[in-house]
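> only geometry, no sequence info:
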């Protein structure tokens, strides 16, 4: 990808490798929280990813005051979005495998634009597509992570990435279409 | 695809997206010189983008919701799990599925167990490790109302499971509803539940996930608690104590605030859950909603918002389910039951019942007709405290009263506004509905008059309401009393005390006739009347009325309730006016604690009480404290965008007075002017509050020795006050006194004479003989007589003033010394003339 464009570069400097200490910290917290909520069936209680991330922030800042990551909320959100992606994809994979007894099952397409993919398959396929998107355009991939996995609004996403809302909106529209098409291809394969 | 063509594709996509759908194709066709495969891809993307929303738009939230829908359950009847054989799938809980089973090889009719498969995602090894550690404790939990945890292990697929005694029963709430149990029957069975929880607590086992699903009632009507110890076994966090931290499998609706926050969990957390279950069991509703709320939001809400009383949320439907009439269900919950439930549901763990056993005890007290601890404990504590405090009243308390006569330190009347706010939150739904209907009726009648509804001011509306009552158009006594009280309070606030008088006196009479004392409805009416007597300056009466109200609160909602807080604040004001500062402070503190607890520290009703405490500090001569407190209040108001409010005007005025005491006249004047500006903008001309601030500005002139100008300004203020208050009102009297004093200092002794003479004769008949204002009038009159050469007449007046020296809390010694000297001088002159 062309990494010489200004703004996204700032972010990539901020973002940490997946194995960073902060990542591990956020991972632990979010995993615990997500597990907790994912395991509660029939409760009618759906915790929003945004709330989950916010919650993690509150817990972590209570526990690790002074951590520089927590002083930079944008940075925290960026890490959280990545963590949420990992967690959900892992979870989706394990459930998908569990359901199919380890076999890969072809995804069925019913109609153009409307996929009957199970959420598990969708999330796994989306993850793959997202990795491809990141190779083309890292900024777009970041936007998708923040929007889809952390549940941030256009405005919040723009704030975190220090972009204009118009840019985020434009990229989001394109990424959505592109990813959707890509997910279908993965399903077809 | 390289970076450039990627960018190009994005760009074209963006342009095309802005074109109407049916023209997009044509637009794309018209593109020249673009890579055809790229244009095709854009076409595909546009088609995707125009299509129905996908999971992408719903986001991970939807994915998560979908994830949690399906629970794989691969077990089947007859399957052997460890030493057990599965008989029937009996449910699927938050942690996994539950099966009825018995030991493999044992005959039918042998003991049955419930086997609970733990879902994936929980760390298998640590579950088993913890189970091994807890096993001995859990096995010892032998109690007829607790299902024991007996075993645990791993399936062939490394799936952990727990085994407990099987209970054939129905959920407690369903069981009660199916039998249409009434309030007392529900309390009776719940008391057994509390005892069982207490038993477990004594064995150092905390349940941590108490909810109706975990309380089954057998065919014989015996409640049995399930899953004791399970939460701890499943906890992902370190072990070793009965206290623990972190997210364990809890249920938000029943979890205590400290559990939600991931803080230390104790037996008090179980007490809280019991409170929620009981709340729901009794009235059919939960005290609050947890769906779609983040924990942070939920906890903040719990800290700041008062939970509703069970009696206030019941509906006719709930009553039918209990085989009761709506009214009798409410009555059965009101008072003690409300208080007991809410006692279990305090935000702070240490303010709940000390133990589940104590809660059981209190339910028993209630069922047997004994007083409940939830109320009497705090009552005894408070009365004891009040009595102890008053044993030795400090003689310095009543200092500075002389100045207080001059300058009017206001106690905020807006406390009554807070009362209105509290009313809306707490008033009884039904009569409120009817009152609202009436008010809507008022709007509608204005509509008939040809006026658009918004042409009416609030004041017009109040006047219309008053007319309706005057004409006797609202006859149903209890509805009428509610309207009378509401309007009476409004008129008190507006300073229209005569109208208020008629309304409130009738309101109290109706309530007394309609309810058996002690009753909250009567207490509420008494409170309103007491506040009026306070505004009228009839302090002795106010005191008696408000004390009766307080006694009724003690016996109904409790002294810690918000309703009682209103009365406590009013009583504090009355005691302050009566010069009983320490008692006043005790009452303010009581009110402050309740309001802070219910509304948080920044709420306007909390600031009002703090303002009153500042008033006390001022009167006690603690000026630095008063100054800091008032500045802090004003800062908080400014932060809340309320710098221009009447509340701010009042605090501003009072801060000015503090500055006078600190000898900072510039600052004082600045604050008075600020206060006056706000008041003149927001209040009608001549309002007593305006008069008070003007009095204080006049006092500045007095201090600067511009006595004539001061006298004039005092006169203006007195006239203003008199346009709204009775001529004999202490406020008016104080203004006249100030005017007379300024005249005396200006050397206009003959002008001051008649004024002081009248003041003395009128107020001697009105004020209690120990009222500080009376001392000041006597002092001024004595001085005036002496100065005008009437030595003989001065002597009895000054002697009367000296009686105040022997009071429990006498006027400041400088003042009494002055009176002593004047008396000595008067006697000397009489002697000299006689010689």
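Alright, I've got the coordinates. This structure is a prediction, so every number in the text was calculated from the model and none was measured.
> nearest to chain A: which residue in the stretch 451-600 of chain B?
residue B:600 (18.0 Å; CB to the nearest CB). In this view, the C-beta of every residue, glycine as well, is placed from N, C-alpha and C.
> how many neighbouring residues does that residue have?
13 (other CB atoms under 10 Å in any protein chain shown).
> what does residue B:758 give?
With other CB under 10 Å as criterion, residue B:758 counts 14.
> relative to residue B:710, how far out is it?
20 Å (CB to CB, to the nearest Å).
> tell me the phi and psi of residue B:89?
In terms of degrees, to the nearest 10, the main-chain angles of residue B:89 are phi -80, psi 120.
> helix, strand or coil: sort out the residue lying closest to it once chain neighbours are set aside for me.
Leaving aside its sequence neighbours, residue B:89 sits nearest to residue B:99 (CB to CB, 6 or more residues apart in numbering or on different chains; 5.4 Å). Three-state secondary structure (criterion: DSSP: H, G, I helix; E, B strand; the rest coil) places residue B:99 in strand.
> enumerate every residue touching residue B:99.
By CB atoms under 8 Å, 6 or more residues apart in numbering or on different chains, the contact list for residue B:99 reads B:75, B:86, B:87, B:88, B:89, B:90, B:114, B:115, B:117.
> any chance of TSV for those, columns pLDDT?
Output for these, formatted as TSV (pLDDT from 0 to 100):
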residue	pLDDT
B:75	77
B:86	89
B:87	88
B:88	84
B:89	80
B:90	79
B:114	89
B:115	88
B:117	80
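> columns secondary structure, distance to residue B:562 and neighbour count on top of these, output as CSV?
Output for the contacts of residue B:99, formatted as CSV (DSSP: H, G, I helix; E, B strand; the rest coil; distance: CB to CB, whole Å; neighbours: other CB atoms under 10 Å in any protein chain shown):
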residue, secondary structure, distance to residue B:562, neighbour count
B:75, coil, 53, 17
B:86, strand, 54, 19
B:87, strand, 54, 17
B:88, strand, 51, 10
B:89, strand, 49, 14
B:90, strand, 45, 16
B:114, strand, 45, 22
B:115, strand, 49, 29
B:117, strand, 48, 23
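> wait, isn't the residue of the stretch 451-600 of chain B closest to chain A in contact with residue B:303?
Yes - between residue B:600 and residue B:303 there is a contact under CB atoms under 8 Å: 6.8 Å.
> give me the number of residues near residue B:502?
Residue B:502 has 15 nearby residues by other CB under 10 Å.
> run through who's touching the host helix or strand of it.
Assessed by DSSP states H and E, residue B:502 sits inside helix B:497-514. Helix B:497-514 is contacted from outside by B:466, B:469, B:477-478, B:480-481, B:484-485, B:487-489, B:491-492, B:519, B:521-522, B:524-526, B:528-529, B:532, B:535-536, B:725-726, using CB under 8 Å, 6+ apart.
> any of those residues buried? List them.
B:466, B:469, B:478, B:480-481, B:484-485, B:487-489, B:491-492, B:519, B:521-522, B:524-526, B:528-529, B:532, B:535-536, B:725-726 (16 or more other CB atoms under 10 Å in any protein chain shown).
> just to be sure, residue B:141 is in a strand?
No - Residue B:141 is assigned coil when assessed by three-state DSSP, not a strand.
> what are the phi and psi values for it?
The phi/psi pair for residue B:141 (degrees, to the nearest 10) is phi -80, psi 70.
> that one and residue B:165, how far apart?
With CB to CB as the criterion, residue B:141 and residue B:165 are 10 Å apart.
> joint contacts of these two?
Contacts common to residue B:141 and residue B:165, judged by CB under 8 Å, 6+ apart, are residue B:148.
> chain neighbours aside, what residue packs nearest to residue B:165?
Nearest to residue B:165 is residue B:147, by CB to CB, 6+ apart, at 4.3 Å.
> right, I mislabeled it, should have said residue A:169
Per CB to CB, 6+ apart, closest to residue A:169 is residue A:154, 5.6 Å.
> how near is that neighbour to residue A:174?
In terms of CB to CB, residue A:154 sits 14 Å off from residue A:174.
> and the two? Which one has more around it.
residue A:174 (23 against 16).
> can you list the low-confidence ranges for chain A?
A:1-21, A:34-51, A:62-71, A:91, A:94-120, A:187-189 (pLDDT under 70).
> what are the ranges of the strands in it?
A:109-111, A:114-115 (DSSP state E).
> how about the residue lying closest to residue B:313 once chain neighbours are set aside, secondary structure?
Nearest non-adjacent residue to residue B:313, counting by CB to CB, 6+ apart: residue B:285, 4.7 Å away. The local conformation at residue B:285, judged by three-state DSSP, is coil.
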